[in-house]
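Engineer: what's the 3D shape of this:
(one chain, ligands or ions: 1)
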Amino acid sequence: MPTRMLIVFNPAAGARRRRRLFAALDLMRGIGLRPEVADTERRGHAAELARNAAAAGVPIVVAAGGDGTIAEVADGLAGSDSALGVLPLGTANVLALELGIPRAPAHAAAVLAMGRTALLHPGLARHPDGRELLFVQMLGAGFDAAVVHNLSSPLKRAIGKGAYVLQTLREMPRYPFAPIRAEIDGRIEDAASVIVSKGRLYAGRFLLAPGADPRTEGFHVALFRDAGVLAAMRYGAALPLGLLPRMRGVEIRCAETVRLEGPDLPAQADGDAAGCLPVMIGPAPRPMRIVVP
Ligand SMILES: Nc1ncnc2c1ncn2[C@@H]1O[C@H](COP(=O)(O)OP(=O)(O)OP(=O)(O)O)[C@@H](O)[C@H]1O
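Structural biologist: Sure thing, here's the model as predicted:
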């Protein structure tokens, strides 16, 4: 059983999250673990806390939050020997669903206490100005990124996943649906929206890329060929039914590297705004270890 552990907790979503954190801590303390807890104070702080913990040799650093917090902690741990742990307290928790990490705090804590790890292969997005962004689940460009860019945090706190549905309906009439040029391992493709995915799932437990697995190298690239409000509505309706990967107008390609270009179009990574296109996507320099059931 590991002895040292830091839990990086994102308190931004309020009191309910902290209660869930306490439930996990109760279980850990009950079996003799004494994890330290550090609250994040701002966006980007989780990466700093994780980087310092890795430099101090803490063997497991836990992201207690959603996919955005996980991506930040993973970024802070990149290149170190510290393993990433996950306490799923977010809105969608896609990576936890992907890897079978339980949502119930006591169960997730038991997984962390066992300390079994697997290899995780994050992606790395590079902007032309040299900015780099690590992601663990997906990078989207186009319509879904516009939804993420314009989503209000208070609305997300108030109604959770419903905020994405509402924002999707708001974006439909105003999003320009300008074409995206995707260079997938050197081959050019055009699409209205693109999701470069490490995992099978999207927006919760919905199937996007059946063959993908964040524990393996490479990406699955979902190309949404059709532009416009009607197409966006068809894609939106197919997603919860699990029909998206097989639907007309959706194609999925395997890739090692992807370059996305488009006229000032937004990008999102692991559910948080990630600037605008162009962006170059490839593997992170080193895989990392993640605690799994
Ligand atoms: N103290 C803070 N105040 C404001 N924002 C923060 C703070 N700490 C972290 N954040 C930001 O909040 C963002 C979203 O948080 P997180 O991913 O944990 O939850 P979520 O978005 O509800 O979950 P999911 O990604 O699963 O939908 C993170 O990307 C992070 O940058």
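Engineer: which element is Ala273 on?
Structural biologist: Assigned by DSSP states H and E, Ala273 belongs to strand 272-276.
Engineer: for that strand, name the packing helices and strands.
Structural biologist: strand 132-135, helix 143-150, strand 266-269 (3 or more CB pairs under 8 Å, 6 or more residues apart in numbering; DSSP states H and E). All C-beta atoms are positioned from the backbone trio N, CA, C, and that covers glycine.
Engineer: mind saving the C-alpha coords of that strand as PDB?
Structural biologist: Output of strand 272-276 as PDB, limited to C-alpha atoms (Å, rounded to 0.1, in the frame of the first residue of the first chain):
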ATOM      1  CA  ASP A 272     -11.800  23.200 -21.200                       C
ATOM      2  CA  ALA A 273     -11.200  26.000 -23.700                       C
ATOM      3  CA  ALA A 274      -7.900  25.500 -25.500                       C
ATOM      4  CA  GLY A 275      -7.400  28.500 -27.700                       C
ATOM      5  CA  CYS A 276      -7.900  28.600 -31.400                       C
END
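Engineer: I'd say Arg116 and Ala110 touch.
Structural biologist: No: assessed by CB atoms under 8 Å, Arg116 is found out of contact with Ala110, at 11.1 Å.
Engineer: thinking again about what came up before, so for the strand holding Ala273, mean pLDDT?
Structural biologist: Averaging pLDDT along strand 272-276 gives 96.
Engineer: now do stretch 7-18
Structural biologist: 87.
Engineer: show me the contact partners of it.
Structural biologist: Stretch 7-18 is contacted from outside by 21, 24-25, 35-40, 46, 49-50, 53, 61-66, 68-69, 73, 85, 87, 89-91, 153, 156-157, using CB atoms under 8 Å, 6 or more residues apart in numbering.
Engineer: same question for stretch 264-278.
Structural biologist: In contact with stretch 264-278 (CB under 8 Å, 6+ apart) are residues 66-68, 70-71, 90-92, 94-95, 125, 127-128, 131, 133, 135-142, 144-146, 148-149, 178, 180, 259-262, 279.
Engineer: intersect those residues with the contacts of the ligand.
Structural biologist: Gly66, Asp67, Gly68, Gly90, Thr91, Ala92 (CB under 6 Å from any ligand atom).
Engineer: save these as CSV, and put in neighbour count too.
Structural biologist: Output for those, formatted as CSV (neighbours: other CB atoms under 10 Å):
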residue, neighbour count
Gly66, 26
Asp67, 26
Gly68, 25
Gly90, 26
Thr91, 21
Ala92, 23
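Engineer: of the residues you listed, which is the nearest to Arg205?
Structural biologist: Using CB to CB, Ala92 comes nearest to Arg205 of these, at 9.0 Å.
Engineer: just checking, that closest one touches Gly204?
Structural biologist: Yes: with contacts counted by CB under 8 Å, Ala92 reaches Gly204, the gap being 4.9 Å.
Engineer: between these two, which contacts overlap?
Structural biologist: The contact sets of Ala92 and Gly204 overlap at Lys161 (CB under 8 Å, 6+ apart).
Engineer: max-length helix in the chain?
Structural biologist: Longest helix in the chain by number of residues (criterion: DSSP state H): helix 15-30.
Engineer: and that helix, how far from the chain's centre?
Structural biologist: 23 Å (CA atoms, centre = their mean, to the nearest Å).
Engineer: check which element follows that helix along the chain.
Structural biologist: Using DSSP H and E, the first helix or strand after helix 15-30 is strand 36-39.
Engineer: buried ones in that following strand?
Structural biologist: Val37, Ala38, Asp39 (16 or more other CB atoms under 10 Å).
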